[in-house]
Structures are given as C-alpha cells and as structure tokens.
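>>> Would you be able to build a 3D model of this:
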Amino acid sequence: MANWVTGEEHYETVLISHDGDAVASSFGVQTLVDYSLDDIPALDAIFVCGASPIARTGNEAIIAWLRKQRTTGIALGGIGTGSYLLACAGLLNDHKATIHWWDLDSLREDFPHTQVTNNLYEIDGKRYTCSGGTAAMDMMLFLISQRYGMDLAASISEQFVCERMRTSDDQQRIPLKARIGVSQPKLIEAVQLIEANIEEPLSADDLAHHVGVSRRHLERLFKKHLQTVPSKYYLELRLEKARQMLRRSDKPVLQVGLACGFSSASYFSTAYRNHYGLTPREERKRMQEGEYQEQPMMARSRLQTTQGK
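Numbering: from 1, shown residues only. Alright, predicted model coming up:
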C-alpha cells in the first residue's frame, strides 16, 4: 500500500516457507510462496507469521534458520504466534516482546528471559513483535511513519479505513473470562458494573451490595484473581479510559476528567501523573506532537514474510 499511495517502490515483499511449498492456513486456505529457506535473496527484515494455536512441533527447520540470522544484524519480527518461534530460536532473550493474549502465559512460562508485555506491539531494537490481528497493521504503520513520515502512514491508514493508529503502549483487551475463568460470576458481575459506571463511580460498598456479597468477600475476590483491590482496579480503569479519550478525541482535558469520574481538574491531574508519569495536558501534547515512540532501527526497503506451519 505504501508503494501504491506514493507511486514509488518503497517496499518489496516476498513470501517464504521452509521448503518452498504452499502453506495451508488453519482454515485450509493455500498460500503460494516465492522462495524456500535454501534460495532466499538478500533481505532487510524478516517477519514470521505464526498460526494459532502455537505449533510446538514441525518448525525445526525454520527455528534453526532463524538462529543463523542472529549474526546478520537483520531486523526480525513476529506476528501473532510468530513471536513464539522467534523465542524458540533464542532471538527474544533480554528483549521486550508480545504475542496474542491467548498465548501470553505460554510465552512467559516457556521463555523467562523474554520480557513479555500485554501491549499491542513491541519495538525493541531490531526485534518487532505484535499480538496479531489488526495490531499488525498498527505496527507496520508505525514502522512506515518512522522511515517515511507520519503523512504517508496516515494516508495508508485512511486507505484501510483505520479509525486511528494505535501506539505500542496500547494494551490488548483481554476478555475478563479469559483472565479469571468462568467460575467467578460475582467477580465478573462486579467488573461489569465498574465498566458500566465510569462517569459516576460506585463505592466498594455499593459494588458489594449490587453483586450480593459482603465488601470483605468482594475484596478477597479481587485480591485473589486480579491481584488488586476494587478501588484501585476502578481507578486504573478510569485512567485508562481517560488516556484513550485524550489520545482519540479533541475534548478539553477537564471534560475528559469529568467523563471518567474525576470531580476536579487537580484530582484528575494528580491521579494521572501518579499512574502514567505525566499530566493529562502533557499526554495530549505528546499525542499532538507524535512523540510516543522512540526511533527504532528501521529495516530497509526489502521485507520478507516467512510462514510457519
């Protein structure tokens, strides 16, 4: 799309499988490739696209080949469970990385030397990983913006009808039931009440009353399953919504604070700074000036996509 928008050849992409044969998706769709691992051309970046669930066997040839890329200085990326293959090759040791929320625990447990985050994507030196899905678009738009400028990235985003370009510190929205399991209906009900009452927050006593448990029991549920207390969880959720509004809308800072349950500008500013390390006005300014990301080391024009089984 970058080539199409500009009329210039900024990127060339090739598809590769370990043996040069077409690769079948989990839905049975066959994707033809351009090369095998034995006849690839010179490359500037490699992106490994992984299937779901994680393929723990059958990718030995790709993993061995990836290990050899460590000494080349090439940029290496993982999309979805492709991050897991990079970790298998030892390429994410001492790097920040992410993966689809379904596989976060597996990546953390199997590779303790990888700094696993819940972010949509991570750019750490020449390691690019994303959670898959539409996060791949966000990551690529960011990489394009760093090499060719925000105007081109914005034009591409418009062509794909993207509402906005999300940043790397936007987090994946993990379904509540996936985090705490279906065996805690009272906790799920409490969180749903919290999410439905952001502008006018409920007290812990009100939450407990609506859910039908004691306040102490509700606090125990939060502590056991979410490692926090209701009031802190509530505050963090309100702050996260405020951050999204500051980034996505042009509403005045005071209106954002009121919409997220903060009764005064000073209370909003203090809570926001304590949590994020900057004030709401500074957040808005950074968004307007496009200062969210550090400059990564960019791959050059030729990109490669390697398909795992």
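>>> For this structure, which segments count as helices?
Under the criterion DSSP state H, helices of the chain are mapped to 2-6, 60-68, 82-88, 104-110, 135-148, 150-159, 176-180, 185-196, 204-211, 215-226, 230-248, 253-259, 265-276, 280-289.
>>> Counting neighbours, which bits of the first one end up buried?
With burial defined by 16 or more other C-beta atoms under 10 Å, the residues of helix 2-6 counted as buried are 2, 5. The C-beta positions use only the backbone N, C-alpha and C, and glycine is treated the same way.
>>> Can I get it as PDB, trimmed to CA atoms?
Provided in PDB are the C-alpha atoms of helix 2-6 (Å, rounded to 0.1, in the frame of the first residue of the first chain):
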ATOM      1  CA  ALA A   2       2.900   2.400   0.700                       C
ATOM      2  CA  ASN A   3       4.100   1.800  -2.900                       C
ATOM      3  CA  TRP A   4       0.500   2.300  -4.300                       C
ATOM      4  CA  VAL A   5      -0.100   5.500  -2.300                       C
ATOM      5  CA  THR A   6       3.200   7.100  -3.400                       C
END
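>>> starting at the chain centroid, how far to that helix?
Relative to its parent chain, helix 2-6 has a centroid offset of 26 Å by C-alpha atoms, centre = their mean, to the nearest Å.
>>> What are the contacting residues of it?
9-11, 144, 148, 152, 155-156, 159 (C-beta atoms under 8 Å, 6 or more residues apart in numbering).
>>> Let me know which of the helices of the chain is tucked in deepest.
helix 82-88 (a mean of 26; mean count of other C-beta atoms under 10 Å).
>>> packing partners for it?
strand 45-50, helix 60-68, strand 75-80, strand 96-97, helix 104-110, strand 127-130 (3 or more C-beta pairs under 8 Å, 6 or more residues apart in numbering; DSSP states H and E).
>>> JSON lines for these, including mean pLDDT?
Compiled in JSON lines, the helices and strands packed on helix 82-88 are given as follows (pLDDT from 0 to 100):
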{"stretch": "strand 45-50", "mean pLDDT": "93"}
{"stretch": "helix 60-68", "mean pLDDT": "92"}
{"stretch": "strand 75-80", "mean pLDDT": "96"}
{"stretch": "strand 96-97", "mean pLDDT": "96"}
{"stretch": "helix 104-110", "mean pLDDT": "89"}
{"stretch": "strand 127-130", "mean pLDDT": "97"}
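>>> Let me have the ones you listed in TSV, adding distance to residue 228 as columns.
Formatted as TSV, those follow (distance: least, C-beta to C-beta, whole Å):
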stretch	distance to residue 228
strand 45-50	32
helix 60-68	38
strand 75-80	29
strand 96-97	23
helix 104-110	18
strand 127-130	27
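>>> Let me know which of those is the nearest to residue 88.
Nearest of the helices and strands packed on helix 82-88 to residue 88, taken as C-beta to C-beta: helix 60-68 at 5.0 Å.
>>> Can you check what angle separates the closest one from strand 75-80?
Calculated by axes from the mean of the first three to the mean of the last three C-alpha atoms, to 10 degrees, helix 60-68 forms an angle of 140 degrees with strand 75-80.
>>> So what touches helix 60-68?
Helix 60-68 has contacts (C-beta under 8 Å, 6+ apart) with 18-19, 37, 46, 48, 76, 85-86, 88-91, 306, 308.
>>> cool, and stretch 204-224?
Under C-beta under 8 Å, 6+ apart, the answer for stretch 204-224 is 184, 186-187, 189-190, 193-194, 202, 228-231, 233.
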